[in-house]
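K.L.:
Show me how the following folds:
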Amino acid sequence: MLCKSFKRMNACRSVRCFLTGLLILVITIILLLICKIRLQRIADTEAKGTLADLCYQYTTKRITGSLCQDLCDLETLKFKSSISGGSNKNVILMEWHNSLMVLKSRVRDQNNLSPLTVWETNENQERVLSAPTVDFFETVISNEVGSLLQTKLEGDKRGLIVKLSDEKYDPENEKPSVAYMNTLMNLVQQEEYVNFKFYRKLTEFPQVLGYCGHFYGVEYIPPDQMLSSITLRTYRNRMPWKHRAMIALKLLDLFTSLDGNFAEAAEETHMCDVKAENFGVGDNLEVKVIDGDMIFSSSKMKSILEEEDCSKHSDCDFFDCEGICEVSKGRCTNRRRNFNIQVLCRDIFNTGIRGTQLLSNPPANFKKSIRSEVIKCSHLSRQEWRDFKPESDPSMDLRQLLLDSCLLPTT
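P.N.:
Okay, here's the model as predicted:
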């Protein structure tokens, strides 16, 4: 009897412990949800304040832009939510003509950008903006973009401004306003805006739909829906292999199109932040870059890599762009030891812990060969390099396997 009593007591304790643990878990989840909701409300409030400030600056003629009137006067550009995710970048989801748009800026406050003009006090003791000459404006913009891209640009200074601006620019007949010049100056200090403008001919980059002040609007492409590990682990059985293989092929097309196509110049492009959330997948399985801050020309990449002291190669790494250390001199060289498609295979196509589940569970007769090609693409031997660049496209065989697997009957 005594033993049975002890067993009952232990069973009761186990049940109580389980229920207590379950209660603590439920309370924790509820508190986390409440915290998340409050943080989102705070972010939304800040975003609305930012939009109100943009309208104030527009109505007081301090900024300009093709989206300002829709945002402030016509109310056709409407706030949906802040999607900044706690980063320094300000990202706001908007509705525009019944479609979604993302308003973005590298900085929350334009005062964190270098102004083209300064406030001065006139003879009436009124604060007014100083107005630079057209030549000064064009020279500063050209120098800023040249410094940002560090590659030879086609055309003249005036043509460059026309390419970067969504508004009419004809200084021969109408001198640009101070608001216009300040707005463009704030925009060209943002790498992503300039990159998106120069890559506008490539369908793999979102279209810039306009701007208002230091914020620019791009088409909304849902991020991280088909490329993230968590999503694909949850939904991969619902997502046909053909769809996932097509996404992988589109990614290969994107990375191939970057080579020799930087800013319309014959330079290799370096993408130094290759992760799932930086790519979006549309309804038609079109893959697009949705975060373009870390895209550089070879000239820019060289200047970035050679700035550091080092004792080993990893000291020279710049995010996903891995550098080379000249150990005898203790300085990083200006050469990169990996390349874009290799990083794509390692961080996106790989189905291990580091990669995603995009290429997990392929058709049985392709499983071994696709895995082998992904590994080969991720870890090239030194013999396959020529001046730290592969002699041939290392993804060619992988591309063919993906194409062949798409021809199989849908399962």
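
K.L.:
and the residue nearest in space to the middle of the chain, what is it in contact with?
P.N.:
Among the residues of the chain, the one closest to the centroid is residue 291, at 1.0 Å (CA atoms, centre = their mean). Applying CB atoms under 8 Å, 6 or more residues apart in numbering, we find residue 291 in contact with 192, 273, 277-278. Yep, even glycine has a C-beta here, placed from its N, CA and C like the rest.

K.L.:
From those residues, list just the buried residues.
P.N.:
Neighbour-count burial (16 or more other CB atoms under 10 Å) is assigned, among the contacts of residue 291, to 192, 273, 278.

K.L.:
What is the subsequent helix or strand relative to the lowest-mean-pLDDT helix or strand in the chain?
P.N.:
Across the helices and strands of the chain, mean pLDDT, DSSP states H and E gives its lowest value to helix 229-235, namely a mean of 47. For helix 229-235, the succeeding helix or strand toward the C-terminus, using DSSP states H and E, is helix 241-258.

K.L.:
could you say what helices and strands that next one packs with?
P.N.:
Applying 3 or more CB pairs under 8 Å, 6 or more residues apart in numbering; DSSP states H and E, we find helix 241-258 packed against strand 269-271, strand 287-289, helix 340-344, helix 396-406.

K.L.:
now the angle from it to helix 396-406?
P.N.:
Orientation of helix 241-258 against helix 396-406 (axes from the mean of the first three to the mean of the last three CA atoms, to 10 degrees) gives an angle of 150 degrees.

K.L.:
Go ahead and list the helix or strand containing residue 63.
P.N.:
Judged by DSSP H and E, residue 63 forms part of no helix or strand.

K.L.:
Now it. Nearest residue, chain neighbours left out?
P.N.:
Once flanking residues are discounted, residue 63 sits nearest to residue 213: 3.7 Å by CB to CB, 6 or more residues apart in numbering.

K.L.:
The one you found touches residue 185, doesn't it?
P.N.:
No. Applying CB atoms under 8 Å, one finds residue 213 not in contact with residue 185, separated by 11.0 Å.

K.L.:
More neighbours: these two, which one.
P.N.:
residue 213 (25 against 21; other CB atoms under 10 Å).

K.L.:
Contact partners for that one?
P.N.:
By CB under 8 Å, 6+ apart, the contact set of residue 213 is 54, 57-58, 63-65, 68, 110, 183, 186.

K.L.:
surely residue 50 meets residue 94?
P.N.:
No. Applying CB under 8 Å as the test, residue 50 and residue 94 come out as separate, 11.8 Å apart.

K.L.:
Which one's more surrounded, the two?
P.N.:
Of the pair residue 50 and residue 94, residue 94 is the one with more neighbours under other CB under 10 Å, namely 23 against 20.

K.L.:
in which helix or strand would I find the more buried one?
P.N.:
Residue 94 belongs to strand 90-96, assigned by DSSP H and E.

K.L.:
residues making contact with that strand?
P.N.:
Contacting residues not belonging to strand 90-96 are listed as 47, 50-51, 70, 76-85, 100-105, 107-108, 209, 215, 217, 220 [CB under 8 Å, 6+ apart].

K.L.:
Where strands are concerned, which of the residues you listed count?
P.N.:
Among these, DSSP state E puts 77-82, 100-105, 209, 215, 217 in strands.

K.L.:
Separate out the buried members of those residues.
P.N.:
Counted by 16+ other CB under 10 Å, the ones in strands among the contacts of strand 90-96 give 77, 79, 82, 101-105, 209, 215, 217 as buried.

K.L.:
how close does the closest residue to residue 403 other than its chain neighbours sit to residue 14?
P.N.:
Setting aside the residues directly before and after it, residue 403 is nearest to residue 249 in space (CB to CB, 6+ apart), at 6.9 Å. From residue 249 across to residue 14, the span is 54 Å (CB to CB, to the nearest Å).

K.L.:
do residue 60 as well
P.N.:
In this view, residue 60 and residue 14 are 69 Å apart by CB to CB.

K.L.:
Going by residue numbers, what spans are helices in the chain?
P.N.:
Taking DSSP state H as the test, the helices found in the chain are 2-59, 68-72, 134-149, 157-164, 178-188, 191-198, 229-235, 241-258, 298-305, 340-344, 364-378, 396-406.

K.L.:
Columns distance to residue 285 on top of these, output as a markdown table?
P.N.:
Converted to a markdown table, the helices of the chain look like this (distance: least, CB to CB, whole Å):
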| stretch | distance to residue 285 |
| --- | --- |
| helix 2-59 | 30 |
| helix 68-72 | 30 |
| helix 134-149 | 31 |
| helix 157-164 | 30 |
| helix 178-188 | 31 |
| helix 191-198 | 21 |
| helix 229-235 | 14 |
| helix 241-258 | 5 |
| helix 298-305 | 30 |
| helix 340-344 | 17 |
| helix 364-378 | 19 |
| helix 396-406 | 11 |
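
K.L.:
Can you say which of those is nearest to residue 323?
P.N.:
Closest approach to residue 323 among those (CB to CB): helix 298-305, 4.3 Å.

K.L.:
ok now the closest one, how far from the chain's centre?
P.N.:
Between the centre of helix 298-305 and the centre of its chain there are 19 Å (CA atoms, centre = their mean, to the nearest Å).

K.L.:
Tell me which residues are up against it.
P.N.:
Helix 298-305 is contacted by residues 148-151, 262, 267-270, 272, 296, 316, 318, 321, 323-324, 332-336 when judged by CB under 8 Å, 6+ apart.

K.L.:
Going by neighbour count, list what's buried in that helix.
P.N.:
Buried residues in helix 298-305, defined by neighbour count with 16+ other CB under 10 Å: 298-302, 304-305.

K.L.:
picking up where we left off before, among the buried ones among the ones in strands among the contacts of strand 90-96, which pair sits farthest apart?
P.N.:
Farthest apart among these by CB to CB are 82 and 209. That separation is 18.8 Å.

K.L.:
check contacts around the nearest residue to residue 140 once chain neighbours are set aside.
P.N.:
Here the nearest residue to residue 140 in space, its sequence neighbours aside, is residue 116; by CB to CB, 6+ apart that works out to 6.2 Å. Residue 116 is in contact with 132, 137, 140, 181-182, 185, counting by CB under 8 Å, 6+ apart.

K.L.:
And for residue 219?
P.N.:
The contact partners of residue 219, by CB under 8 Å, 6+ apart, come to 99, 101-102, 206-207, 209.
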